[in-house]
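Student: Turn this into a model:
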Amino acid sequence: MLLADFSLQCRAILTTLPHPDPRRRRPFADLLTFPGRVSHHRLANGLRVCTIEAPHLHGAVVALYVRAGSRYEGATTNGLSHFVEHMLFRGCAQYPNSFALNRAIEDRCGMLIGETGRDYSLYQVALHPRDLGSALDILGDLFLAPCFSDLDLERAIVLEEILDDFDERGRHINTDDLAREALWSGHPLGFPIAGPESNIRRFSRADVVRHFRRLYGARNMVLCVAGPIRPAAVLAQVRRAFGPLPSGRRCQPSSPPARVNGPRFRRVPTDSAQAEIQILFHALADRDPGSAALVALLRVLDDGMSTRLHYRVCDQKGLAYHVSAALDPLYDTSLFEIDSACLPDKLPQLASEIMALLSDLRTTLVSEEELAKAKRRYARDVEAGFDDLEGLCSWFGGTALFFSRPRSPAERYRRMAAVSAKQIRQVARRVLQPERMAAVVVGSVTPGLSSRVERILRESFR
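Tutor: Here you go, the predicted structure:
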């Protein structure tokens, strides 16, 4: 797929967007020209390979995406995907311990990083293009023949890591985990990524090997290589390094409940000087027709210090030092999330102001000026993404883990350019509803104060 080869129909729509820099007069659609090529391939074992030629850049990135995460676990295996990620860093056949593995990659001026989420796990190395072949060989050996040694040592590290989610009395205080558990109680999307301590203490090497074999087959992965590369040479290196991987099977994630039956509310008392609040709404999947309007809504609400959320909550009211809104995208849905923290006595007023802002979006059309600004900033972010290799890998490689054809930059621009103020109001009325909502408050909040906040949240929809 040549990214510069966009249709004339796209250009007709995209030129309606004002240029982010008024001093530059060339048509805005010209910014869509990405100086490279994106290609998708499939090895005989089923491994999907994405190559991104970026001749204007000087580094390279190798990123391996795997359908492994808390979404693919049950109550007794929760935390195992994260544990497997940790155990992979313990080495492989050619590099039999963590020092040898990391030294081999760092000798090539790279660094192996890993992360586990709910939908997928990621293993990534950024390095010089000349070292791509060596890095691919190392990663191929790692995923073909991991050692899974020093399990008890790594277990202790994971147990220490999850202590961040608890206070001195052992109370779970991670608002992300608590809110998702409240929203999706009993479903794997409501599980904590790291899992409960009881599971971590129980996992054996056999559990790790079984989970790895179930999820780390070639058909359950996407490998992405980006930089000033020659795809034919990269593909030859990938076939040599990853061709021997077993095919396995492509795992299908379980869908979340269609209805949340909210609003749901939870209080976790702690001794903290501040009270944290997270408000979640079960939102829309990226492939939903309303998703572009939802992104525009988010940017109207929170995309800089002059947008509604920060300006009204922080600058005008002084209710909190920090407040933010975000979209947490998942394979088949997303979460619309608002986070803030304040002094406990300010919590009712903070909750009231946040809900008033959301009510405004449901009842009143956003101004053309706000919408134009949101579109300009979105456009600039997409353009800036052409210089971000890790972002390009996520854009084209990570998306391919779930969809056969990722959206091109032209499609992203076109969808945003077409969003109207009425569509933003429609999506606000669709998503920002009580039955889709869960909220969690963590801090030194008394039962009486908590009841006031819960009442404010519920009554905001009347």
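Student: domain parsing for this protein?
Tutor: In terms of domains, the chain is parsed into 38-242, 264-459 (source: automatic domain parsing).
Student: Run through the helices of the stretch 251-400 of the chain in chain order.
Tutor: Ranges of helices in the stretch 251-400 of the chain, per DSSP state H, counting those that start in this stretch, are 291-301, 308-310, 347-363, 368-384, 389-392.
Student: just to revisit the earlier point, looking at the domains of the chain, spot the one closest to Q252.
Tutor: Q252 lies closest to domain 38-242 among the domains of the chain, at 8.6 Å (CB to CB). Where you see a C-beta, it was placed from the backbone N, CA and C, and this is true even at glycine.
Student: Let's see the distance spanning that closest one from one end to the other.
Tutor: Using CA to CA, to the nearest Å, one end of domain 38-242 lies 20 Å from the other.
Student: got the end-to-end distance for stretch 260-270?
Tutor: Start and end residues of stretch 260-270 are separated by 27 Å (CA to CA).
Student: try stretch 249-261
Tutor: Terminal residues of stretch 249-261 are spaced 34 Å apart (CA to CA).
Student: For it, buried residues please.
Tutor: For stretch 249-261, the neighbour count (16 or more other CB atoms under 10 Å) marks 251, 253, 256, 260 as buried.
Student: if we can go back for a sec, winner for burial among the helices of the stretch 251-400 of the chain?
Tutor: With neighbours taken as mean count of other CB atoms under 10 Å, the helices of the stretch 251-400 of the chain reach their highest mean count in helix 291-301, at a mean of 24.
Student: Give me the distance between that helix and the centre of its chain.
Tutor: Centre-to-centre, helix 291-301 and its host chain are 17 Å apart (CA atoms, centre = their mean, to the nearest Å).
Student: which strands and helices sit next to that helix?
Tutor: helix 308-310, strand 322-329, strand 334-342, helix 347-363, helix 368-384, helix 409-417, helix 421-431 (3 or more CB pairs under 8 Å, 6 or more residues apart in numbering; DSSP states H and E).
Student: okay, now the closest residue to F402 other than its chain neighbours: neighbour count?
Tutor: Spatial nearest neighbour of F402, chain neighbours left out: Y331 (4.8 Å); criterion: CB to CB, 6 or more residues apart in numbering. Y331 has 22 neighbours, counted by other CB atoms under 10 Å.
Student: okay, the domains of the chain in TSV with mean pLDDT next?
Tutor: Below are the domains of the chain laid out as TSV (pLDDT from 0 to 100):
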stretch	mean pLDDT
domain 38-242	96
domain 264-459	95
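Student: Distance to A60 for the helices and strands packed on helix 291-301 - can I get that in TSV?
Tutor: Shown next, in TSV, are the helices and strands packed on helix 291-301 (distance: least, CB to CB, whole Å):
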stretch	distance to A60
helix 308-310	37
strand 322-329	26
strand 334-342	31
helix 347-363	42
helix 368-384	19
helix 409-417	21
helix 421-431	39
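Student: Can you check which of these gets nearest to L57?
Tutor: That would be helix 368-384 among the helices and strands packed on helix 291-301, by CB to CB, at 12.8 Å.
Student: Fine by me, thanks again.
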